[in-house]
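Chemist: Give me the fold of what follows.
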Amino acid sequence: MKILTGNTLYDFTVVQNDTAAPCAGEEDIFQIEFRYRNFQSRSQSSRSIRIPRNQTSSMMMIDTLQEFEVPETTRSDMAAHFDFFVDRLSRRSCNRRGSICVTVSLDAKEFSPERAEAIQRRIESGRRESERGVRRVAAVAEMEVAPPLEAVVEGLERKRVAEVEDEIECSICLEKLGVGTEVIMLPCLHVYHTDCIIRWLERTHFCPFCRFKLPC
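Modeler: Numbering: from 1, shown residues only. Have a look, this model is predicted:
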């Protein structure tokens, strides 16, 4: 998720680290590797955090973000996003014993007031388009018969990654969405390579990241 606060753009990402082997004999915990980068001061920091899988994690994340002087409202939004992620991960891994490794990354970039204003306009424009997409999908969902996949895909927003700070990862193929890449944005605001998400929706009607259901 990207949040612009003043002239600072915060890029906050949470991913499961599938490459890390579970620790044998460990209790049921989340092993969290937190990484912070400030591009203005060129500073970097990291934390290793362990929390029980049955414990609410948002306060832990709020405290960690406060260490790096993230504004209060911004860190609350990030903590809620993180809590949602680990809760979904807990449900999905309820039969798995031992530790689960999660990587959290926070990048802070400062811009000139003019540049920050342009970024804010783009964020707001994307949000409005996504809200319209949610309404379109909701209206279609009220139909007695679900539309074919082609009709749903046709109604999804397409765009191209415009700038470096927009670069994120397609969680289907795990490759970066580089500048100029054509992507499809689902109504839940998550974006993917066009080919990846179309092939994904041929098998399941849910967003691969948040499980938002499309009516196809």
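Chemist: Counting neighbours, which bits of stretch 73-80 end up buried?
Modeler: Residues of stretch 73-80 classed as buried: 74-75, 77-79 (neighbour count, 16 or more other CB atoms under 10 Å). (Glycine included, C-beta is placed from N, CA and C.)
Chemist: quick check, nearest of these to E169?
Modeler: Using CB to CB, the shortest approach to E169 within those belongs to M78, at 17.5 Å.
Chemist: any idea which element the closest one lies in?
Modeler: Here M78, judged by DSSP states H and E, is contained in helix 72-92.
Chemist: V102 now?
Modeler: Counting by DSSP H and E, the element that carries V102 is strand 100-110.
Chemist: Which residues does that strand contact?
Modeler: Strand 100-110 is contacted by residues 7-17, 20, 22, 29-40, 53, 61, 65, 68, 70, 78, 82, 85-86, 89, 93, 165 when judged by CB atoms under 8 Å, 6 or more residues apart in numbering.
Chemist: Could you pull up the contacting residues of the residue lying closest to L186 once chain neighbours are set aside?
Modeler: Distances taken as CB to CB, 6 or more residues apart in numbering place C207 nearest to L186, at 5.2 Å, with adjacent residues excluded. C207 is in contact with 186, 188, 190, 213-214, counting by CB under 8 Å, 6+ apart.
Chemist: what's the answer for E175, then?
Modeler: Residues in contact with E175 (CB under 8 Å, 6+ apart) are 169, 193.
Chemist: for the chain, what spans make up the helices?
Modeler: 58-67, 72-92, 113-141, 149-154, 194-203 (DSSP state H).
Chemist: Tell me which residues of the fourth one come out buried.
Modeler: In terms of neighbour count (16+ other CB under 10 Å), helix 149-154 has its buried residues at 152-153.
Chemist: For stretch 150-158, measure first residue to last.
Modeler: By CA to CA, to the nearest Å, the extent of stretch 150-158 from end to end equals 14 Å.
Chemist: State the mean pLDDT of it.
Modeler: Across stretch 150-158, pLDDT averages out at 82.
Chemist: Low-confidence ranges, this protein, go.
Modeler: Along the chain, segments meeting pLDDT under 70 span 18-27, 93-96, 126-148, 163-167, 215-216.
Chemist: Can you give me the domain boundaries for the chain?
Modeler: The chain is divided into the following domains under automatic domain parsing: 2-110, 129-203.
Chemist: Can you tell me how far the nearest residue to S48 once chain neighbours are set aside is from T13?
Modeler: Distances taken as CB to CB, 6+ apart place E33 nearest to S48, at 6.0 Å, with adjacent residues excluded. E33 sits 12 Å away from T13, going by CB to CB, to the nearest Å.
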